[in-house]
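In: can't give you the sequence, but here's the structure:
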Ligand SMILES: Cc1cc2nc3c(=O)[nH]c(=O)nc-3n(C[C@H](O)[C@H](O)[C@H](O)COP(=O)(O)OP(=O)(O)OC[C@H]3O[C@@H](n4cnc5c(N)ncnc54)[C@H](O)[C@@H]3O)c2cc1C
Ligand SMILES: Cc1cc2nc3c(=O)[nH]c(=O)nc-3n(C[C@H](O)[C@H](O)[C@H](O)COP(=O)(O)OP(=O)(O)OC[C@H]3O[C@@H](n4cnc5c(N)ncnc54)[C@H](O)[C@@H]3O)c2cc1C
Ligand code: SF4
Ligand code: SF4
Ligand code: FES
């Protein structure tokens, strides 16, 4: 059992929790993730390590309530326990030797992007961040990003906050003005990452994406998280949980990844409705 | 006078048409009377040929004699000397190629049902609560075991009985290895595995789940924590794919994923929280126990049609005979000498948002014939030119084998593996190329059997004991 030490909401549907997990905290690096089960009958879901405190032995996660499991997790309060919490899994983001980077986060993907931005900042790199949301009430982590970025662009689709438009707009402006980076790292919905990759491609700047396919074990045992990369004219299969979650964005077959992500959509919708109905009955 | 019936006492089982739709155990087990009658078929041979067929050398005629004498507890005591998982092995050992293959009664008629008798004695002891163990006095030494499968659990149990303080580190949230995530409930009820695991805990073994060695902790850190030796029983969990087009379509599973969703994550229950493709038409590629389990699980989940697609013939089919027979009785269709060449996908060019886009729409196969024997004497299947055809399926489960996971190897200095990823060990001790580190089971051999993994765990426990005492 793993105790929830703190909990706070970042907006209506995104919450942050600090979990007591000293073994994970001791090893965690930006870019890695954990897998948890809320209770004994629960599903295993992966969430990125949003922060860690090696001394206190705590790990933070930031999650968006999108379905039955994240809903169940959101019902837990500080002082409660969750059943399982395993990690750190996956490879850490490569941060060595990069002087100028651009981090592009979308929605709850910003929670995954923040520790990466922070690490680059600590290593003395010049960090430009672009964070995008559908609307003002979905905005998260603005102050945290500002604290670790040399330049920050905040975008909303509907223009209710920051600049109106999607995250590609400031990227294209910067490229047109001749700005360049050692690397662009993008984390967010697949469709957004696909567009970011397309925007960066003409510049030839290395573009890393953080993939989030459906996972079970997170150790390379099931192959459910497999992705196809187009590498030198060949199609190569990789397991996101052990080979990733970061990949070279130019190689990823995004269309396939989007289809695989939607494999259980009907099931998920039904499970979510059921979870909400149960909660209503309980109230 | 021995019972000279040429046939084994029949095993009571659920009727095929009933069991094909439920997850309860297929074979129900002998009752006392039947067990005593079957035990009467054993001739108590002086030269004990059956014992040489058992990888852990169970004193077969002795435990069977005890059953004949109705000393059921005595029978179980004898089993426990050589095996820590008799209730499991009695159910899942490929007896027809091991102990029972050597039984003299098999020369004319069927061999003695050694596996069923072993299962009977173990089940009875468990039901009567006769298998409780008491912790041994501590000898003050600490050993770490990686992986809670049959190899790791056996090694941990043997060491605990000698007084070692053993900690087992398991990556998943439940102990048992393949016994919980792979082999389905209808063949091996999970309650049995849980009893075995609880028995170990009663011996004082600590089992820490949710620890991935190579990620959460490394082998070096285990030594830093004061463990004097480490046993690696991490299995062969990495699924192989065929490398044919279409393997990433929706509805294509590795057997590991399919079985894990159903077994470990309980997707077979009425209101599961973890999804799985149910119903439809399913092709399972492969011919081992894993393929049989996947096929029979798919059937129980409601598939209307299930095929086993295997590139060799019935003779080479590596699965346990009983499972093949059960699968056939349940209505699974065997497409032998067939080999997949491509998985076809559904594609609606007029509607890019059609939710079926990217789903399996069939599997192209080619017929095979058996050619010249290869180096192992198995006749190599060769494709018949121009014989391709399409199997109408919407789910494909790939059960063509697994390899050892490289996670521990890549994070442990001085640990050598062979070409296939198996950890290199000295066979009689399980000693790896790294001092103080021992290994056994599927992590060494690649996918094999429960009993051989258990045997390796035993061997290593003895060697670890000697290693620590001589240090
Ligand atoms: C490496 C990785 C890191 C992630 N980090 C974060 C994070 O920091 N914060 C966050 O909010 N989300 C993160 N996610 C996504 C998160 O795992 C899903 O939102 C969560 O599993 C949804 O579960 P649910 O039952 O609430 O919703 P569901 O209704 O079950 O699913 C909603 C969507 O989530 C995805 N999903 C469902 N089950 C899984 C699963 N077992 N594994 C992966 N995806 C699944 C599906 O694509 C689905 O469309 C991450 C995913 C991965 C793979
Ligand atoms: C579906 C299926 C059916 C089978 N049917 C039969 C049968 O009928 N008869 C038979 O004899 N054999 C059968 N087998 C084979 C048999 O189950 C295996 O040979 C046996 O389980 C191997 O035991 P093991 O202890 O070496 O490994 P496993 O049972 O694989 O256990 C290894 C354990 O180590 C854990 N682990 C792995 N890596 C790490 C890590 N880095 N850190 C911590 N823990 C880790 C795993 O999660 C797992 O729990 C079957 C196998 C499968 C998959
Ligand atoms: S452990 Fe397996 S091989 Fe040995 S006697 Fe029992 S069933 Fe036969
Ligand atoms: S070979 Fe068969 S008959 Fe002879 S002792 Fe063994 S089990 Fe009994
Ligand atoms: S989640 Fe199972 S292999 Fe990646």
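Out: Structure received. Here the structure is a predicted model, which is why all the values come from computation and not from measurement. Ligands and ions are numbered 1, 2, ... in the order given.
In: Could you use CA atoms for every contact and neighbour count after this?
Out: Will do.
In: number of nearby residues for the closest residue to residue B:237 other than its chain neighbours?
Out: Nearest in space to residue B:237, with sequence neighbours left out and distances taken as CA to CA, 6 or more residues apart in numbering or on different chains, is residue A:221 at 5.1 Å. By the criterion of other CA atoms under 10 Å in any protein chain shown, residue A:221 has 24 neighbours.
In: Could you pull up phi and psi at residue A:221?
Out: phi -90, psi -30 (degrees, to the nearest 10).
In: That one against residue B:235, yeah?
Out: No: look at residue A:221 against residue B:235 with CA atoms under 8 Å: they stay out of range, at 10.3 Å.
In: okay, and the common contacts of these two?
Out: residue B:405 (CA atoms under 8 Å, 6 or more residues apart in numbering or on different chains).
In: domains for chain A, by residue range?
Out: A:2-89, A:94-205 (automatic domain parsing).
In: Take these and lay them out in TSV including mean neighbour count, mean pLDDT and distance to residue B:460.
Out: Formatted as TSV, those follow (neighbours: other CA atoms under 10 Å in any protein chain shown; pLDDT from 0 to 100; distance: least, CA to CA, whole Å):
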stretch	mean neighbour count	mean pLDDT	distance to residue B:460
domain A:2-89	20	94	28
domain A:94-205	19	93	39
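In: Tabulate the ones you listed in JSON lines, adding columns for distance to ligand 5.
Out: JSON lines is the format used below for the domains of chain A (distance: least, CA to the nearest ligand atom, whole Å):
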{"stretch": "domain A:2-89", "distance to ligand 5": "9"}
{"stretch": "domain A:94-205", "distance to ligand 5": "18"}
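In: Could you pull up the contacting residues of the residue nearest to residue B:237?
Out: B:237-239, B:256-257, B:405.
In: State the distance from it to ligand 4.
Out: 39 Å (CA to the nearest ligand atom, to the nearest Å).
In: got it, and residue B:31?
Out: 19 Å.
In: Stretch A:84-95: end-to-end distance?
Out: 29 Å (CA to CA, to the nearest Å).
In: near ligand 2 at all, that stretch?
Out: No: applying CA under 6 Å from any ligand atom, one finds stretch A:84-95 separated from ligand 2 by no less than 10.8 Å.
In: is that stretch anywhere near chain B?
Out: Yes: against chain B, stretch A:84-95 shows contacts by CA under 8 Å from any CA of the partner chain at A:84-89.
In: in chain A, what residue is nearest ligand 5?
Out: Nearest residue of chain A to ligand 5: residue A:220, at 3.3 Å (CA to the nearest ligand atom).
In: What about the closest residue to chain B within the stretch 51-200 of chain A? Give its phi and psi, please.
Out: Residue of the stretch 51-200 of chain A nearest chain B, by CA to the nearest CA: residue A:86 (4.9 Å). Dihedral pair for residue A:86: phi -120, psi 140, per degrees, to the nearest 10.
In: which non-adjacent residue is nearest it?
Out: residue B:210 (4.9 Å).
In: Same question for residue A:167.
Out: Going by CA to CA, 6+ apart, residue A:167 has residue A:132 as its nearest residue, at 5.7 Å.
In: Now do the SS call for the one you found.
Out: Three-state assignment for residue A:132 (DSSP: H, G, I helix; E, B strand; the rest coil): strand.
In: Spit out the contact partners of it.
Out: Residue A:132 neighbours (CA under 8 Å, 6+ apart): A:105-107, A:139, A:154-157, A:166-167.
In: Closest one of the residues you listed to residue B:223?
Out: Of all those, residue B:223 sits closest to residue A:105, with 40.7 Å by CA to CA.
In: ok, now which ones touch the closest one?
Out: Residue A:105 neighbours (CA under 8 Å, 6+ apart): A:113, A:129-132, A:186-188.
In: Tell me which two of these sit farthest apart.
Out: A:129 and A:188 (13.3 Å).
In: and stretch B:209-222 with ligand 2, contact?
Out: Yes: judged by CA under 6 Å from any ligand atom, stretch B:209-222 and ligand 2 are in contact via B:211-214.
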